[in-house]
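Undergrad: just coords:
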């Protein structure tokens, strides 16, 4: 009731200052009030469990982080053109117009059939996160580690290494965890794994250095870090060959990619595919295993970095080829 009375009094007061033949309309009163009282740049309204941020699109922030006692979430402004039409993606001709949200490497291009050499533009590179390396590219016991692991804290901003378009935003519980794949104008694709939160959207065009997610420890991970990959035609290579992790910059503005140098690990990959692993059973010893699989005790020891007199146990995995 007090509010209604106050409004009525204010209305009467406004009308009383004008002559009888020039009473303004409601629209004129609103325009006059706006002219006298500049509006706040942003306005917040909470309606039906939704928070609205109201303001000119040009001044809306790109990211809004909502913090609570249980954690925080970052939300991203999406006023971008989503290029989803076929033929509207970076390096389309190079990738045969293949654009899928399902597979990190849908191209299945053998390393041996790739170009002998090519130049990759690194001029707009931005380090996804500035941290030290916790695990390098290469073999890990019975599997291959295709990325460079970089130390970070959960919630740290992870940025796109180059400009381009987001191809995948997904979750892999047994590997990458929350991850993003971006295809770039220079022909590379980059992968960002173990994120705590994905901020990018599939098909979104982004700039180099733009935040695509927050660092985390999801998927197959033993601690907070970023699993970072660089791939060309789906084939990963060691990022340390192109990047300097001391000053967080590329080694050169143009990277010369060659089969001999960039993909020198191809021999390891071939050996890994040809490798055979067995599980030790009751009654097995190195001599028995060597005879059964057509090899020698010396070779088994070399493959597993053990000695001829080493004790092998039931359930132990050994490489025999």
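TA: Cool, the structure landed. Being a predicted model, the structure only gives us computed values, none of them experimental.
Undergrad: against residue 123, how distant is residue 250?
TA: 8 Å (CB to CB, to the nearest Å). From N, CA and C alone the C-beta is placed, and that goes for glycine too.
Undergrad: more neighbours: which of these two?
TA: residue 250 (21 against 11; other CB atoms under 10 Å).
Undergrad: contacts only, for the more buried one.
TA: With contact set as CB atoms under 8 Å, 6 or more residues apart in numbering, residue 250 has these partners: 122, 125, 242-244.
Undergrad: now residue 184
TA: Neighbours of residue 184 in contact, by CB under 8 Å, 6+ apart: 90-91, 161-164, 190.
Undergrad: and for residue 206?
TA: Per CB under 8 Å, 6+ apart, neighbours of residue 206: 160, 163-166, 182, 200, 212.
Undergrad: at 6 Å what do you get?
TA: Neighbouring residues of residue 206 by CB atoms under 6 Å, 6 or more residues apart in numbering: residue 160.
Undergrad: quick one, phi psi at it?
TA: Here is the backbone geometry of residue 206 (degrees, to the nearest 10): phi -130, psi 160.
Undergrad: residue 301 versus that one, what's the distance?
TA: Residue 206 is 50 Å from residue 301, by CB to CB.
Undergrad: got it, and residue 283?
TA: From residue 283 to residue 301 the distance is 20 Å (CB to CB).
Undergrad: quick one, which of the two is more surrounded?
TA: Between residue 283 and residue 301, residue 301 has the larger neighbour count (other CB under 10 Å), namely 17 against 7.
Undergrad: so the more buried one is in which element?
TA: Secondary structure from DSSP states H and E places residue 301 in helix 297-304.
Undergrad: now do the buried residues in that helix.
TA: Within helix 297-304, the residues scored as buried using 16 or more other CB atoms under 10 Å are 300-301, 303-304.
Undergrad: which residues are in contact with stretch 282-290?
TA: Contacting residues not belonging to stretch 282-290 are listed as 296-297, 300, 314, 320 [CB under 6 Å, 6+ apart].
Undergrad: from the chain's centroid, how far away is that stretch?
TA: 46 Å (CA atoms, centre = their mean, to the nearest Å).
Undergrad: and it, which residues are buried?
TA: Going by neighbour count (16+ other CB under 10 Å), the buried part of stretch 282-290 is 284, 286, 289-290.
Undergrad: next: stretch 97-106.
TA: Quick answer for stretch 97-106 (16+ other CB under 10 Å): 99, 104.
Undergrad: picking that back up, the contacts of residue 250, buried ones only, as a PyMOL selection?
TA: Buried residues within those, by 16+ other CB under 10 Å, are selected in PyMOL with:
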select buried, resi 122+125+242+243
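Undergrad: and which of the contacts of residue 250 is nearest residue 74?
TA: Ranked by distance to residue 74 (CB to CB), those are led by residue 125 at 23.6 Å.
Undergrad: show me the helices in the protein, by range?
TA: Along the chain, the stretches classed as helices by DSSP state H are 2-16, 26-36, 266-274, 286-292, 297-304.
Undergrad: can I assume residue 266 is in contact with residue 111?
TA: Yes. Counting by CB atoms under 6 Å, residue 266 sits close enough to residue 111 to count as a contact (4.8 Å).
Undergrad: thinking residue 236 is in contact with residue 148, fair?
TA: No. Using CB under 6 Å, residue 236 is not in contact with residue 148; the gap is 9.9 Å.
Undergrad: which pair in the contacts of residue 184 spans the largest distance?
TA: So, those by CB to CB: farthest apart are 91 and 161, at 14.8 Å.
Undergrad: neighbour-wise, which of those two wins?
TA: residue 161 (25 against 17).
Undergrad: which non-adjacent residue is nearest that one?
TA: Take residue 161 and drop its neighbours on the chain: the residue closest to it by CB to CB, 6 or more residues apart in numbering is residue 190, 5.0 Å away.
Undergrad: measure that neighbour to residue 203 for me?
TA: From residue 190 to residue 203 the distance is 16 Å (CB to CB).
Undergrad: quick one: average pLDDT of stretch 109-121?
TA: In this model, stretch 109-121 has a mean pLDDT of 95.
Undergrad: buried set for it?
TA: 111, 114, 120-121.
Undergrad: just give me the closest of those residues to residue 41.
TA: Checking these one by one against residue 41 (CB to CB), the nearest turns out to be residue 121, at 38.2 Å.
Undergrad: if we can go back for a sec, redo the contacts of residue 184 as JSON lines? Include distance to residue 258 and pLDDT.
TA: Output for those, formatted as JSON lines (distance: CB to CB, whole Å; pLDDT from 0 to 100):
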{"residue": "90", "distance to residue 258": "23", "pLDDT": "96"}
{"residue": "91", "distance to residue 258": "19", "pLDDT": "94"}
{"residue": "161", "distance to residue 258": "21", "pLDDT": "98"}
{"residue": "162", "distance to residue 258": "20", "pLDDT": "98"}
{"residue": "163", "distance to residue 258": "25", "pLDDT": "97"}
{"residue": "164", "distance to residue 258": "23", "pLDDT": "97"}
{"residue": "190", "distance to residue 258": "20", "pLDDT": "98"}
